[in-house]
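A.B. asks: coordinates for the following, if possible.
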Amino acid sequence: MEKVTRNHQYLTLLSNWAFLNTLEVLDIWQKVDVVCFDVDSTVCVDEGIDELAQFCGAGKLLLNGLLVPFEEALAARLSLFKLSLSQVQDFLEKRPPTLSPGIKELVQKLKESSKTVYLISGGFRQVINPVASILGVPTENIFANQLLFKTSDEFAGFDANEPTSRSEGKPTTIELLRKAHGYKIVAMIGDGATTLEAQKSGCADLFICYGEVQLREVSV
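C.D. replies: Residues are numbered from 1 along each chain as shown. Predicted coordinates for the structure are as follows:
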């Protein structure tokens, strides 16, 4: 009988803790100034670089960005297929973005509640611009990588000055936004390891993992 009572007390404590934790999270969510969204497999149901690679005939890119710095993984992925500006333009025309269910309504509700929305992605600005247009997110609220091309249409790499082109790019971006605008409470929503980095001190006050599209394996 004593063991049953102890178990009941233990379960009650766990239940109370979970309830209080949920209340705390809801309280933070209601007070956020800013909501930052990852794009690939979060705002959109696909990975932009994979879609672009497949469109260019390269197939799916299977590289684990966790094993090397993000900038090296990004460069390695881009080296696996031949890219040109005209191909990117053709891709954007023939492959309009597929948004996650409910994301457009969520962004609209956030804006109606006077929350500022940012798109922070390790993907490419050229691919994300149409997404932002659908969601009504201004271009100045996009932080992503920029593909570079020569005047001959030939691919010339990506802009290494973008904070999102490097490891810890998302927390760096949030820190810059805080300093520039004085935001007090920031939420970050995303699915992968680069988004999880935004949990570091001084960055996102609330991290929401979105697992509807991708089931991520734990890396040790």
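A.B. asks: the one helix or strand Gly123 maps to pairs with which strands?
C.D. replies: Assigned by DSSP states H and E, Gly123 belongs to strand 116-124. On the basis of DSSP bridges, the sheet neighbours of strand 116-124 come out as strand 34-37 (parallel), strand 142-145 (parallel).
A.B. asks: starting at the chain centroid, how far to it?
C.D. replies: How far strand 116-124 lies from its chain's middle: 6 Å, per C-alpha atoms, centre = their mean, to the nearest Å.
A.B. asks: next secondary structure after it?
C.D. replies: Per DSSP H and E, the helix or strand that comes after strand 116-124 is helix 125-135.
A.B. asks: output the contacting helices and strands for that next one.
C.D. replies: helix 48-55, helix 85-94, helix 103-112, strand 116-124, strand 142-145 (3 or more C-beta pairs under 8 Å, 6 or more residues apart in numbering; DSSP states H and E). Placement of C-beta: from N, CA and C, glycine included.
A.B. asks: may I have that helix as PDB, with CA atoms only?
C.D. replies: The C-alpha coordinates for helix 125-135 follow below in PDB (Å, rounded to 0.1, in the frame of the first residue of the first chain):
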ATOM      1  CA  ARG A 125      17.300  33.400 -50.700                       C
ATOM      2  CA  GLN A 126      16.300  33.000 -54.400                       C
ATOM      3  CA  VAL A 127      14.200  29.900 -53.500                       C
ATOM      4  CA  ILE A 128      12.800  31.500 -50.300                       C
ATOM      5  CA  ASN A 129      11.700  34.800 -51.800                       C
ATOM      6  CA  PRO A 130       8.500  33.300 -53.400                       C
ATOM      7  CA  VAL A 131       7.700  31.600 -50.000                       C
ATOM      8  CA  ALA A 132       8.000  35.000 -48.200                       C
ATOM      9  CA  SER A 133       5.800  36.600 -50.900                       C
ATOM     10  CA  ILE A 134       3.000  34.100 -50.300                       C
ATOM     11  CA  LEU A 135       3.200  34.600 -46.500                       C
END
